[in-house]
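Chemist: no FASTA, just this:
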């Protein structure tokens, strides 16, 4: 957030905010993707709320399905095409999802999109390699690590500069991978959290549908 915008009294309209984001976004955040600078920097606290809503939804669904859990049925083997697709495409989807979340400050994408792509890889696992399941403990650790990283980075910004998610790290050279300060770190954390939560939801639904 620029000082000129911060000095406007609370409740008063802030003129030409969109133009300010477009003209000053790269300078102030280091992210060449304007959408990323808005989502993770200017309104990063809102993004934390969105991640929290997803966490609550995943936790609620898991609790409901555990209460209504029925005896597991025998697993029917998948077809040859699905089994082959699972083994070949699963690592490729993971690589693509990782690329999307790591490059969110440079290209369209980011933590939410990358996490969703990673979760889609596990959908393929459940369809083609039906005997395989995610490790609940690993998924929980990754989810918790992502959430804690998001909050800790935000609190460091609050302690250093006076507001949550201040971009306190060096912004680097625009258009390079190591740029935009804390934004790539936050997006990676969001990717871990979103990917783990969506995968957990898919796992719970698959288990319930047996």
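Modeler: Arrived safely, thanks for sending. Please read these numbers as outputs of a predicted model, since none were measured by experiment. Residues are numbered from 1 along each chain as shown.
Chemist: list the buried residues in whichever helix or strand residue 50 is part of.
Modeler: Under the criterion of DSSP states H and E, residue 50 resides in helix 44-67. Using 16 or more other C-beta atoms under 10 Å as the test for burial, helix 44-67 gives 44, 47-48, 51, 54-55, 58, 61-62, 65. (Each C-beta comes from the backbone N, C-alpha and C, glycine too.)
Chemist: which of those scores worst on pLDDT?
Modeler: Within the set of the buried residues of helix 44-67, pLDDT is lowest for residue 65 (70).
Chemist: do you know how far that one is from residue 166?
Modeler: 39 Å (C-beta to C-beta, to the nearest Å).
Chemist: hmm, back to that, pull the most distant pair out of the buried residues of helix 44-67.
Modeler: Farthest-apart pair in the buried residues of helix 44-67 is 44 and 65; separation 31.8 Å (C-beta to C-beta).
Chemist: pLDDT weak spots in the chain?
Modeler: Counting by pLDDT under 70, the chain contains low-confidence residues at 1-15, 66-75, 207-210.
Chemist: span of stretch 168-178 from start to end?
Modeler: Stretch 168-178 stretches 14 Å from its first residue to its last (C-alpha to C-alpha, to the nearest Å).
Chemist: buried residues in it?
Modeler: 169, 171.
Chemist: try stretch 179-199
Modeler: Those would be 179-199, for stretch 179-199 by 16+ other C-beta under 10 Å.
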